[in-house]
Structure formats: C-alpha cells, structure tokens
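S.K.: generate a structure from the sequence data that follows.
(chains A, B and C)
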Amino acid sequence: MTTLLHFVFSGLVVGGIYALVGLGFTLTYDAMRIINVTQAEFVMLGGMLTAVLFGAGFPLWGAAVIAILITIVVGLLMYRLTIAPAKEDDHVGLIIITFGVAIFIEGLTKVLFGKQMLQFPPFSGRESIPILGINVQPQAIWMLVGALLVFLVLHVFQTRFLSGQAMRATSANPLAANLVGIKTSRIIAMAFGISAAIGAIAGVLMTPITLVRYDIGILLGIKGFAAAMLGGLGNPLGALVGGLLVGLLESLGAGYISSAYKDAFAFIVLIGALTFLPHGLLGKKYVERV
Amino acid sequence: MSNVLRSRYVSVFILAAIAIVLPLFLGTGYELRIMVLVAIFSLSAVGLSLLLGQAGQISLGHGAFMGIGAYAVAIGPAHYGIPPLVSAVLGLVLSCVVAYVIGRPILRLKGYYLAIATLGLSYMMSLFIDSEPAFTNGPDGMYVPYISFGDYQVSGTLTWYCISVIALLIGITLAINLATSPTGRAFRALKDSEIAASVFGVDVSQKKVLAFVVAAGYASVAGSLLALYDNFASPYAAGFMNSLELVTAVVIGGMGSIIGAVVGAAILTVVPQLLADYQNYDTIFIGSIIILFLVFLPQGIVPSLRAKIGKEAKL
Amino acid sequence: MRLRLNVMLAALAVVAVSAPVSWAQAEIKVGAVLSITGPVAFMGEPQERTLKMDIEKINAEGGVLGQPLNLTIYDDGADASKARTFAQRLIQDDKVSSILGVTLTGPSMALYPIAENAKVPVFTLAGAIQLVEPIKKWMFKIGHTDRQACSVLFQDMKSRGIERVGLISGNDSFGNSMRTQCLGMVDEYGIKIVADERYGPRDSDMTPQLVNIKNAPGLQAVLSPGHGESATILTRNYRQLGFTQPLYQSHGVASHGYVSATGAAAEGVRVPAPAILIADQLPEDNPQRAVALDYAKRYQERFNEPAGFFGAAAADALRLFVAAAEKAGSTDPEKIRAAAEQLGPVVGAAGIYNLTDTDHLGLDTSTFYMSEVHDGKWRLLGPDE
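M.R.: Numbering: from 1, shown residues only, chains lettered A, B, ... in the order given. Coordinates of the predicted model:
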C-alpha cells in the first residue's frame, strides 16, 4: 500500500508541472490556434533565471519575481517580433517559428549560463514530512499547491475580470470579438504574457527538486502537450486534469511496468489521445476534422 | 541543349555535372567524405521537403526514420544473419509501416499535431536505442558490416561518393516526378487549404499519409547509406538534433523547392566544418537561422533567388 | 540563372572546404576528438581543459624534443559519425602524430579504422573493455575500465558480507556500460542482483524505481553508477525514502562537486576513487601522491572547480604520449606507437600505467582507492574498513 501511495504522490507532484505546461499550451492555442512549442522553454527560463540570480546573491523571492518578469518580457517580445508579423493563416510557418524560437532560447541559455544543472534551495527546507506513511518533501507540497493556485487565479481572472472575459471571447470568435471592440492583438499578446508567466512559475516551483538545465524544455514540452491533449485543448480545467493524469500514468508505469521507458508513457498517452480522444476528455467540440 | 535546359530535370543534370567534377578538386579524403555526408543528408532532406514543402505537414522527428534505416543494417546482420543490403530494404519497409501506423490516426486531424507527435517519435526512438543494449548495443552505437559480393567489399570514400550521389540523383528525379504529377498537385492543394482540396475531391487524409510515408522512406534509405558508409550505426542519427537539422535544411533551402533541400543540407553540413568553435553555438545558430529565414525570407534561398532572377517559381 | 547559382555554390563549397592548413614549422602536432558538448559534457569539458592547460605548461617549459606541442581539438558532440569525420580531418589535414583523446566508446570504435589505416596511434579515454579486448594495435586505453570499477566495488561489498544488491543505472553511455560490466562480474564475487532499475539521464525523480528496489527481499546494499545531477537527485531520493542500506556509487561521482551539490544526503556514500580525489590522504611514499596533488591543485586554481576522474585521465594520456615521443626521439606516429609499449611503469594522476605490446590498458585495480563521504568530505578508507 505504501508503495502505491509513493507512486501516486510522485505522479501527482510531477503531474502538477505537466498541468502548468499544458495550461500554457491551452492558453496560446485558444488565443491563436497554434501550438506554441516555446511554452516549455518558459518553464526552463523561470527556473534557470532564478537559479542564476540566486547564485549571484539575490534573495530567493526577489530572484524568483525578477525571473518571472524577465520571462514575461521574453514571451511578449517573442509575440511582437516573430508571431505578430507573420501571416495569420500560415500555420505551418508559425509552428516552425515557435520551434525556432524555442531552439534559440535553448541555445542562448547554453551559451550564457553553461551546460550544467543549476538549483536553488527549496522554499521551506528539505526535512521530509511524513504523510500517510510516506516521506514527503515540503517543496512537493509547494508544487501542488502552487499549481492549484495558478489554476484558481486564472479561472477567477477569466470569469470575473473584463480582460479575462475578453480573452475567452477572442478565443471563441475572434471576428465577433473584434467587432465588439476588443483589440484582439492586445489580447493575444496578453495570452502570450500570461502563458510565459505560468511557465515561469512552474519552473520556479519545480527547480528545487528537479534542478534545471538548458535542455529540459523539449521533453517537458512533449509531456505538457500530452497533458493538454488528454484534457482537451482549449479547456484550462482539461489541462489540470490531463496533467495530473499524465503524471500518474507515468509514475505508475515506471513503478509497475518498466522504469527504462518512463518517458515513453507520456508519449503513448499522447498518441492514444490523438487517436481515440481527439477532443480530449473535457475539450470543446470545435476541432476541425478533414 | 536548350531542351535539356528547359526540362524540369535540369537541376538533376546540373547536380550530376557538379558531382562528376567535384572529386577532381577535392581528392578522395576528408573533403570528399564531407561531400558524401552532404549527399546522404540531402537525400533525407529531399524527402522531408516533399512532406513539409509540398504537402505542408510538419515532421519534427524525421531523424527517427533515419535511425530505423541505420539500425536495420546493423541489427539485421548481427542478430538475424540477414545480409546488409537486404536489411536496408527491410528497414525501408519498416519505416514506411511505422509512418503509416503513426500517420493514419494523427493526420486525420490538424497538421500541427503531427509536429508534436513526430517530436515524440524521435525521442522514443532514441529512448529505445538507449534502453535495449542487448538488441542495439545501447548508446555506444553498433557495428555495421560491409556489403560484400563474394570477396569484394563495398568500401572507401570514392565508392560511397558514387553510390550516395547516384542515390541522391535518383531520389531527386523521383521527387520531381511526384511533385509534378497529379498527386503532387494534390499535395500542394493540401498545403493551401485542406477544406478546399476536399471539396475538389482530394482524399485529404490519404494524401497526407502518403506524403508522410514517402518522406519516411527517403529518410530510411539515407540512414542506411550513412550506417553502411561509416560501418557504424550511431544513435545520433535518430536523435532530436539531427531531426532539427533536417527541418532547418528544408527551411533555409526553401520549403517549396526540392533543390532547395539540397542547398540547405549542404550549408548545414559544410558550415560546421568551417567554424572551429561551432559546437557550443550550434543550437543558437540553428535557432537563429530558423527564425531569421522564416521571418525575413520565408521562401528560402532557392525560390527567393529564382524570384529575383525573374524566372517563374517552378521546381 | 540556375546554372550559375549551382556552380557558385559548388565553388564556394570547394574553396571553403580545402582551406589552407597551418604552415607552422617545427612543431609536434597532436589532436583530440572530445565530446565537449552533448550528453557527456561532464566528461569532455574537463578533458579539453586539462589538455589545453597541460600543453601550455609543457610548452612553457620547453616543449617536447625541443619543439612546442600544437593541439587541435574537435568536438564530436557524442556523435560517432562526426568523430570519424574529425579523425580523418586530424590525420589528413592537420597531420597529427597522435590522437590524444576520445571521450566515448562509440566514437572511439567508429574512428579506429581511420587511424588504423593511416597508422596513427589513438589514446582513447573511453571506458568500455571492448576497446582493448581484443587488443587493437593502434589504440591505447587510458583510464580504468568500467569492469575494474565494478570489481573494486564488489570486492568491498564482499568484504563487508554483502551479497544481495539492488542496481539502478542511467540509460546513457556511462550508465549502460557500468551496468553491463557489473552484471557480467557478479558470479566472480558471489553477488546477487535482486533489483535492476533504469532511469533517464534527465529524470528529475527516481522515487518509483527506488521504491521497487526497497521492496526487494533481503536487500543489503544499493549500487548506482551515476554521475552529475542525476546522482545528486538519486542520493536525495534515497535518503528521503529512508533506506538504511549502504549506497555505493562509481567513479562518475568521484569529485568534490558531487558532495557539495548533494549536501548532507551524500554522507556515507562509498565510491572507488582515483588518486586525485584523496591525494592528500595517501601515504607520503605512494608514488601517485605528488603527481595527483599537483594536477588537482593546478586544475582548481585555473578553473575554479575541483578536478575529477575524467580530466585526470586526459592528463595521463598526454603524459604517456610525451613519454613515448621522448623515448622514440621522433614524432613519427609508428615510432611513437612502438615506444609507448616499452615505457615501463608511468605514474599518472589517475593511475600507474604499464603499457606493453599485449596490454594496451596497463592498469590494475590497485590505483582505485575505496573512499567514503564523511563529514562532507571524501575520506580514504583503510584496508580493513
């Protein structure tokens, strides 16, 4: 029983990160109908910049806040310089551009900050807390709570605040939103900024446990995308559910089936979701079929 | 002569002419080896160009199929006693089957799902290679025997130069054929608008899968050639970096142009040899290239040059 | 038009690729093909730095045979095909007398036929036993094999009465090689592997695998041949799960960097360490003590980072090359190769080498020193601990 609990908890914790990455994917998909491959690089930047600033002497909270702000700027710059000028209907080109930006960010990080893994201390120490018979790291609890908080805040934003509602309007029908006076380009930029922020927060939450390196982005992106797909692209709650599920499946698979192929489980989930559940578990029903 | 110049295969003839002359300048050592690698890489890029440039589908994990081709010629002889040439053919078949199996469900949906799915595929291929050392010798790579006919072993840079250049020329000819055929027009219709294409009677899913399978086939052959030339199957070919370089080659050469793929592949193979400290900057170099080209020169090198020089955009 | 374009491109390629080779005279040219970027940068980078640092020192002291050494390093990025290309370039264009370093097994195997054909000796730094068994005339292997590391580990376990061992390894080159070699040696030492788990080198959590190991019946010790950050994460997971059994790792973590990154969790971890790790604890009459201390000190001062196993092996490859060149009195590759086999014992930072015509490894396990983390530092274990 303790074994199962261990696997479940491990899975939930890592699933929280996948959920946040997936949430970022969902937001930009909502805004522009593209898959923003750079989403996972925002996570890496959040963790990396915090680690670098902390290592240079900044206090932990200050470093984290600055890192998140810088990442938001990167996200906005990316939109301004590469997405906005490109043709809206050239989806192939857009995705490759986001891919190119992701690679560029990776390369720049490698050159500026090196190839080794960096870390910073957990928010409240490393003493394990025994819960239900398993030793839980305090940071893991921060991760789960943090992920849930982000979802909550986003939900409140999208339902109670005008800009948030404007975001949902734009995603539902950009033309109509425009006609009603919503500046769609501003909204899309905001979506980029928010996904960058969410990604960075995920990075800050996870780095004390997972450490960060310039190349963690791509694999994380694949898993985050699987989470978003499983939950249903376009539905933030779907990203949460999808992420936790992917994390759980991965952990249980690694524990009970094969640890060598741990990374493959997310991929299998992805292919399965695309094949059998193209709308995802909770997705909206507007996926184009050809 | 003017007939040749006007033929749609003129690029093939020009390439052939250059290829014949090149060894006279370069000798048969390290420099010619680079040309062999260019030819092999170009072959894979041409396949990707059919998928990406003609049919508008993104594959970010094309290296996976090169990996299948490369490891087929290592595993076939080592574990099953199948001669390398036959193994290469089997590898080709396997790549096409895998492409079909992955492609059918995913290509029914929007094209960009293929992007992430292929990204995952390439990663899974690397994972498999690393995790089954009993089968693949793990991350250290695997020995590949020579193709031999009786006592004669196919080896040596000049021999492989001839083989890979001929393979490339055949590959380009077939690609041009395909692109100018009704199927090719169907591909381009897909790229412009899937809905319009289906209204016109194009079986959209089937054509997408066809493009994916063809591209996989090209990559598999290229992978086998590489492994046979090196007498070694390296996990790198199946990996993420290689897939990335292939996409970049097609992008900078010009997505709509088959010859562009060759140009892109040549640049990406030769340039790193010229820049001494390249390896640390390779990622940032490739990333910048993708961004710069797609933002400022979305047509790529070859079509842009052609447009400048005033010819109508053909192949 | 198209014709001119293609001709221009061809001309560019030709010109670029046959760039002029350096005309420097009276130099000894040596080369290396290292994996400085990519998954094994933790090995390749110290190797590159060490070679550059030591060659500078040698040249400042007058060079070899009165000539300066000229080093050309190429980065194969862990790709065997690139390694082969660079080997060809080193031999044909840069005209090296020897290839002083190859980081990984795959690249070593891939480039060997080129070196063999051209009759240029290669001093590889990779770990697999296949590099010297069966013996390859033109390849010397510098540094312990993974099999030797396993042997020292199992010997220590046996002497503590440990039989049932859980194994957890990464599926990268280093982890794979260690796992294969260790599994191959279990019978010799009466060890029984009761669990065999793997992890990816980029994994951020190994709890599921460790939980499985913990449940293995009669578990007495855990062996994790890892390196870098994976080793740190694994060690922390290990302590969190409350294992009481001793944790053994391998020479991949034999560095001060591991201890400082891992913190208190590293306490009690046992490792087969090369001399440089505990050089100051070696007895004064140990021949390696002076050499190891000198290398460790210079590396730390120059790069502000502690020295490790992989850099030390590179230093020794250079040492052996220089000794061979001086003995041969020539830069001719064939003569250097022959001389290397006749050097007798050479004391290095990572081992004492005795290369012969039947032994291109020249090392025994006596230059691995079993050590333990104690109070945040590496402590050399006495013979009966």
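
S.K.: could you pull out the helices in the stretch 151-300 of chain C for me?
M.R.: For the stretch 151-300 of chain C, helices defined by DSSP state H, counting those that start in this stretch occupy the ranges C:173-189, C:207-214, C:228-240, C:256-262, C:287-303.

S.K.: tell me, how many residues neighbour the closest residue to chain C within chain A?
M.R.: Going by CB to the nearest CB, chain C is nearest to residue A:210 of chain A, at 3.1 Å. C-beta here means a position set from N, CA and C on the backbone, and glycine is covered the same way. Other residues near residue A:210 number 25, with proximity taken as other CB atoms under 10 Å in any protein chain shown.

S.K.: and it, what does it touch?
M.R.: The neighbourhood of residue A:210, defined by CB atoms under 8 Å, 6 or more residues apart in numbering or on different chains, consists of A:17, A:216, C:204-205, C:233.

S.K.: wait, which of the residues you listed is closest to residue A:63?
M.R.: residue A:216 (18.6 Å; CB to CB).

S.K.: got the confidence number for that closest one?
M.R.: Per-residue confidence (pLDDT) for residue A:216: 86.

S.K.: buried residues of stretch C:312-330, list them for me.
M.R.: Going by neighbour count (16 or more other CB atoms under 10 Å in any protein chain shown), the buried part of stretch C:312-330 is C:312-325, C:327-328.

S.K.: among those, which two are most distant?
M.R.: Spatial extent of the buried residues of stretch C:312-330 (CB to CB) is set by the pair C:312 and C:328 at 24.7 Å.

S.K.: just the C-alphas of stretch C:69-87, formatted as CSV.
M.R.: C-alpha atoms of stretch C:69-87 as CSV (Å, rounded to 0.1, in the frame of the first residue of the first chain):
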residue,chain,number,x,y,z
LEU,C,69,53.2,20.9,-29.0
ASN,C,70,50.4,22.1,-31.2
LEU,C,71,47.0,20.8,-30.1
THR,C,72,43.9,20.7,-32.4
ILE,C,73,40.7,19.7,-30.6
TYR,C,74,37.4,18.9,-32.4
ASP,C,75,34.1,18.4,-30.6
ASP,C,76,32.1,15.4,-31.8
GLY,C,77,29.1,16.2,-29.7
ALA,C,78,28.9,12.5,-28.8
ASP,C,79,28.2,11.6,-32.5
ALA,C,80,30.2,8.7,-33.8
SER,C,81,29.9,9.8,-37.4
LYS,C,82,31.2,13.3,-36.6
ALA,C,83,34.1,11.7,-34.6
ARG,C,84,35.0,9.7,-37.7
THR,C,85,34.9,12.8,-39.8
PHE,C,86,37.1,14.7,-37.4
ALA,C,87,39.6,11.9,-37.1
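
S.K.: quick one: the strands in the chain?
M.R.: Answering for chain A, as no chain was given. Applying DSSP state E to chain A gives strands spanning A:129-131, A:134-136.

S.K.: you answered for a different chain; I wanted chain C.
M.R.: C:28-34, C:69-75, C:98-102, C:122-124, C:139-141, C:164-170, C:192-199, C:221-224, C:247-249, C:270-273, C:346-347, C:352-353, C:369-374, C:377-380.

S.K.: thanks again, I'm all set now.
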